[in-house]
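*Asks:* Sequence and predicted structure, then a few things I'm wondering about:
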Amino acid sequence: MPPQTQLPRVVRFGTFEVDVPAGELRKNGLKVKLQAQPFQVLCMLVERPGEVVTREELRSRLWPGDSYGDFDHGLNAAVKRLRDALGDDPDNPRFVQTLQRRGYRFIGAIDTPLNPSANDLPIARPSQQTAGEAPVVPAIAGNSRRSTRTLAAVAAVALTLLAIGVGLWLRGLSRPPERSQWVQLTNLPDSATQPALSPDGGMLAFIRGNSTLVGPGQIYVKILPGGEPVQLTHDNVLKMSPTFSPDGSRIAYTVVDQQFHWDTWVVPTLGGEPQPLLRNASGLLWTGPRQVLFSEIKMGGLHMGIVGAEESRIGARDVYLPEDEPAMAHRSYLSPDGKWVLLVEMDQDHLWLPCRLAPINGSTPGRHVGPPEGGCTFAAWSHDGRWMYFTTNPGGINHIWRQRSPDGQPEQITSGPTEEEGIAIAPDGRSLVTSVALRSTSLWVHDAKGERQISLEGNGANAKFTPDGKKLCYLLVKEAPNQFPLYRDPGELRIADLESGRSEPVVRDFPVLDYDISADGQQVVMWTRDQQLWVARFDRGSPPVQVLNAEGGHPRFGLGGDILFRHLKGTSTFVYRVHADGSGLQKALEEPVFTLNAVSPDGGWVTGWAPLSGNGRLAWQAFPLNGGPSIPVGMTFDLSLSWSFDGRSSFISHVFGGQTFIVPLAPGEALPRIPAGGFSSDDDIAHLPGARRIDAEGVVPGPSANVYAFYHNTIQRNLYRIPIP
């Protein structure tokens, strides 16, 4: 095998660039979705442009230990995905050429040199000597002992100097502040989140509520350093992202109503009645006396981008819009020089991406910054514009990171057992304010024996019963979930025996985002972060097998062992079905669906979160798989529907409200008696015959109405001031 070339950080060809450390392929600066194996194939090809990379070389390096049959399927699928990402025609290739039964060759023109040219290498200068004389050679061999002692002395001096230099260099490095330097600013028994500082740094605004995205809570303001927090709002709407006006007289914040409208309201800092400011505008911040940046949903649905405008919305212009329709850019932060914007965004599966740095003029989509493996939820700039700050979780728990602008290396500022989310930089640039949390989620089961805890250590999330009700699967995650429909981070899939309490991994070292259990209880289908679906047996009789031709998320088993899942087609996501062996791929529903929730026991219905036909408003709906119109579950966007395994009961749950109704189903009926347009209130559900309410979070149906799982979420968040190193 030819020796491997050390790739540079970024390799460019045509309109594409391969960012090797970030593991990203970008086109015109915009990230192109490409899974790990196709990306590794691309790296091997561009290491040796113009040369044949044989199939055996690819197998031994990327698929070691695989059987040839598995390898052939894997390589063929990887090359197909690579070509799809590059827009490359296999019959008339521009980049990847196939040599039948031999391998592949990269035929595109590489713009970045892979090796230093002769002109870049250091030139050996001749010593000062007379022409014809032999060059002077140090006499090392003539007196080996003396030479050895001399070399040892020189080496010792060199090591000493190196140690001194390293010590001086380390002294110059900024070190994260000790926890003893953190100053607590609030002392609430529940949660203070999403801090914002007034322009003069004298006031602190925050939301008193658990959610760090959007959730129930009230806006508070506190005079620093020792003032009492004062409540400014008194309502039950969902809120997000408070921020001060340039003169400090108003606090703007996002309100999400029951129809999923994201609007900006303002409330006077000294108290008064909240008033609407802008419709369809969230995450708003002022960039000047009358200029604002905000997030806007485009043409209904869920596609959210960043817009710049005057406060009256005059002169509105797009700054950044994600490529895929379900993706959402939630927050934006303007650089001090007014040229760049830091963006916080979700992908089409509503998973947090790394933060993005984009030009304010919208000329390019920009690039990702911060730790490449972390999901970024908040960002900020230093006041001199030299540093970018992020809340991100590359290790599974949110901490504060920073990176020198524009292309420095990310460095971690906070660490330890707590989570830190939200960043407000003090006007003097010497400290920041963040929300520091200690929280955990425990998983409980309710059955004939009463209630008992299942997950004793760690954070249990996304629980599902086996069909016989004797075992419970769940994900063991590092970061405790606080909004259960949004599975933010992958975890280890475990299965617990409910009789003995014993828990063990289903597949070791295999991080999973979401999963489902087959009707016979023998198999599990798993969704991984690279958009792949895998099927594994609970008896571990064989290794997990990838479901070929199926890229997407939220897998659910349907009738006959088929797998339903969400797949990105064009710029939106749809529900597809596929056999477990990868054959029979077809669209299951014609309507776009943004989140797939449950399949009815008779296999005739699925529930999902999608735009309503006609008006585009988002709602949880029941979709018939045999054709016909969907049925909205509720007039509010957060009311979802699932079933007990025996098909005799439906579970109607509030996504944000923390309560669930169990409603008996009449014989032969798959749905409860839903009024036209959906339930308008909890009273509508409560008055259904036999309905009962459970005040618990994240209720998970079991084999019958009397068996279900739920969560206990213990959380306390308070605001701290942390020195900036």
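*Replies:* Great, that's in hand. Residues are numbered from 1 along each chain as shown.
*Asks:* switch to C-alpha atoms for all contacts and neighbour counts from now on
*Replies:* Fine.
*Asks:* Residue ranges in this structure under the pLDDT threshold?
*Replies:* Applying pLDDT under 70 to the chain flags the ranges 1-8, 65-73, 112-174, 300-301, 455-458, 480-488, 657-658.
*Asks:* Now do the domain split for it, please.
*Replies:* According to the domain assignment given by automatic domain parsing, the chain is divided into the following structural domains: 10-117, 287-418, 600-701.
*Asks:* Run the chain-centre distance for the second one.
*Replies:* Between the mean C-alpha location of domain 287-418 and the chain-wide mean there is a distance of 13 Å, by CA atoms, centre = their mean, to the nearest Å.
*Asks:* hang on, Gly392 packs against Cys376?
*Replies:* Slight slip there: residue 392 is Thr, not Gly. Yes - assessed by CA atoms under 8 Å, Thr392 is found in contact with Cys376 at 4.3 Å.
*Asks:* The residue nearest in space to the middle of the chain pairs with what?
*Replies:* Residue closest to the mean C-alpha point of the chain, counted by CA atoms, centre = their mean, is Trp352 at 2.7 Å. Per DSSP bridges, the residues bridged to Trp352 are Met346.
*Asks:* Equivalent analysis for the one 5 residues further on, please.
*Replies:* According to DSSP bridges, the partner residues bridging Leu357 are Leu342, Arg367.
*Asks:* Repeat that for Thr714.
*Replies:* Under the criterion used (DSSP bridges), Thr714 bridges to Ser440.
*Asks:* got the contact list for it?
*Replies:* Under the criterion of CA atoms under 8 Å, 6 or more residues apart in numbering, the contact list for Thr714 reads 439-441.
*Asks:* Now find how far off-centre stretch 263-281 is within its chain.
*Replies:* 30 Å.
*Asks:* What's the end-to-end length of that stretch?
*Replies:* End-to-end distance of stretch 263-281: 5 Å, with CA to CA, to the nearest Å as the criterion.
*Asks:* cool, and stretch 609-625?
*Replies:* Between the opening and closing residues of stretch 609-625 lies a distance of 15 Å (CA to CA).
*Asks:* Put the alpha carbons of stretch 524-534 into CSV.
*Replies:* Output for stretch 524-534, consisting of C-alpha atoms alone and laid out as CSV, is shown next (Å, rounded to 0.1, in the frame of the first residue of the first chain):
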residue,chain,number,x,y,z
VAL,A,524,-34.7,-3.0,18.3
VAL,A,525,-34.2,-0.4,15.6
MET,A,526,-31.8,2.4,16.5
TRP,A,527,-31.2,5.9,15.1
THR,A,528,-27.6,7.2,15.3
ARG,A,529,-26.3,10.7,15.0
ASP,A,530,-25.0,10.1,11.4
GLN,A,531,-28.6,9.6,10.2
GLN,A,532,-28.2,5.8,10.0
LEU,A,533,-30.7,3.2,11.2
TRP,A,534,-29.5,-0.1,12.7
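*Asks:* thinking again about what came up before, surely the residue nearest to the centre of the chain touches Arg331?
*Replies:* No - using CA under 8 Å, Trp352 and Arg331 do not qualify as a contacting pair, with a distance of 11.7 Å.
*Asks:* For the stretch 101-250 of the chain, just list every one of the strands.
*Replies:* Under the criterion DSSP state E, counting those that start in this stretch, the stretch 101-250 of the chain carries strands at the ranges 103-106, 183-184, 192-197, 203-208, 215-216, 218-223, 230-231, 238-244, 250-256.
*Asks:* Please produce a markdown table containing these, extended by distance to Asp516.
*Replies:* Output for the strands of the stretch 101-250 of the chain, formatted as a markdown table (distance: least, CA to CA, whole Å):
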| stretch | distance to Asp516 |
| --- | --- |
| strand 103-106 | 37 |
| strand 183-184 | 43 |
| strand 192-197 | 33 |
| strand 203-208 | 35 |
| strand 215-216 | 27 |
| strand 218-223 | 37 |
| strand 230-231 | 43 |
| strand 238-244 | 30 |
| strand 250-256 | 31 |
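*Asks:* Next, format those as CSV and append mean neighbour count and distance to Lys31.
*Replies:* Putting the strands of the stretch 101-250 of the chain into CSV (neighbours: other CA atoms under 10 Å; distance: least, CA to CA, whole Å) gives the following:
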stretch, mean neighbour count, distance to Lys31
strand 103-106, 20, 21
strand 183-184, 14, 39
strand 192-197, 27, 28
strand 203-208, 24, 33
strand 215-216, 20, 30
strand 218-223, 21, 36
strand 230-231, 16, 42
strand 238-244, 26, 27
strand 250-256, 25, 29
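*Asks:* tell me the contacts of Tyr320?
*Replies:* Tyr320 makes contacts with 305-307, 358, 362, 365, as judged by CA under 8 Å, 6+ apart.
*Asks:* 10 Å - rerun?
*Replies:* Applying CA atoms under 10 Å, 6 or more residues apart in numbering, we find Tyr320 in contact with 295, 304-308, 329, 332, 341, 343, 356, 358-366.
*Asks:* Give me the buried subset of these.
*Replies:* When neighbours are counted using 16 or more other CA atoms under 10 Å, these contain these buried positions: 295, 304-308, 329, 332, 341, 343, 356, 358-360, 362, 365-366.
*Asks:* Mark which of the residues you listed are part of helices, please.
*Replies:* Restricting the buried ones among the contacts of Tyr320 to those inside helices, with DSSP state H as the criterion, leaves an empty set.
*Asks:* can you put the contacts of Thr714 in a markdown table and add distance to Met526 and neighbour count?
*Replies:* Written out in a markdown table, the entries for the contacts of Thr714 read as follows (distance: CA to CA, whole Å; neighbours: other CA atoms under 10 Å):
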| residue | distance to Met526 | neighbour count |
| --- | --- | --- |
| Arg439 | 27 | 18 |
| Ser440 | 24 | 19 |
| Thr441 | 22 | 22 |
